[in-house]
Structures are given as C-alpha cells and as structure tokens.
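> can't give you the sequence, but here's the structure:
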C-alpha cells in the first residue's frame, strides 16, 4: 500500500488511534504488525467484512498513539528491522530489501 501523506485518526472504544493502513490482506497485516510491534508500537487490528460472499477478508491496522505519523517515522529513521537496519520507503512497500538509502554515496564513488 502506498504511503499516505494524510494523518488519519479513528475513535475505537473511546481511544483515539492513528490509522496505519486500511484494507490490507493477511500477509501484509503480519508484515506491518510485526514491524510496528518490534519498534514498541501497540497495534490494534480490525477485521473488515468482505463486500461479496467468499471474498478475501481484509484488515485495518491502527496504532494507539495519536501522534504517530508513518511518514515521519520512516523518513526520520525511527523504524528499524529486526536485524537493526533502518526501514526505508522501499522496504515498507516491500519493493525490495534496500535499507541503505544514502543515494549520495553512489554520486561520489570513484571507480
């Protein structure tokens, strides 16, 4: 799921939570939940009923911290993987395993 610049909130049981991702499948939910909980964020998962019979069950995932902003946490390097690398935009989107976004290093390499 693409990163959203919007900081969305929801009220669940009189607690204000931050929406991390909505309408994601089980595989994505497991990835996001494990990553957030490893970084000491308490998560709340909500199951979304399928719109059609036999449809895939989707999930919404929230963090119980109303100040949490995913964009800031990724670009400010606050999220880490279990092996200690920083989470990048590419890693979050599962487009690749790159966790070293120092693009400027390739600009100055001498061959």
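Cool, got the structure. Keep in mind that this is a model prediction, so the values were computed, not measured.
> note down every partner strand of the helix or strand encompassing residue 11 and its orientation.
Assigned by DSSP states H and E, residue 11 belongs to strand 9-12. Here strand 9-12 has these sheet partners by DSSP bridges: strand 15-24 (antiparallel).
> give me the contacts around the partner strand.
When contacts are defined by Cβ atoms under 8 Å, 6 or more residues apart in numbering, strand 15-24 is touched by residues 1, 7-11, 28, 32, 36, 43-44, 48, 58-70. The C-beta positions use only the backbone N, C-alpha and C, and glycine is treated the same way.
> now do the strands in the chain.
9-12, 15-24, 43-48, 58-63 (DSSP state E).
> ranking those by burial, who's on top?
Ranked by mean neighbour count under mean count of other Cβ atoms under 10 Å, these are led by strand 58-63, which reaches a mean of 20.
> how much space separates the residue most central in space within the chain from residue 54?
Nearest to the mean C-alpha position of the chain, by Cα atoms, centre = their mean, lies residue 32 at 5.1 Å. Applying Cβ to Cβ, to the nearest Å, the value for residue 32 to residue 54 is 25 Å.
> same deal with residue 61?
Residue 61 is 23 Å from residue 54, where distance means Cβ to Cβ.
> same check, this time on residue 24
19 Å.
> what of residue 88?
37 Å.
> those two: who's more crowded?
Applying other Cβ atoms under 10 Å to residue 88 and residue 54 shows that residue 88 carries more neighbours, namely 20 against 5.
> so for that one, what's the pLDDT?
The model reports residue 88 with a pLDDT of 84.
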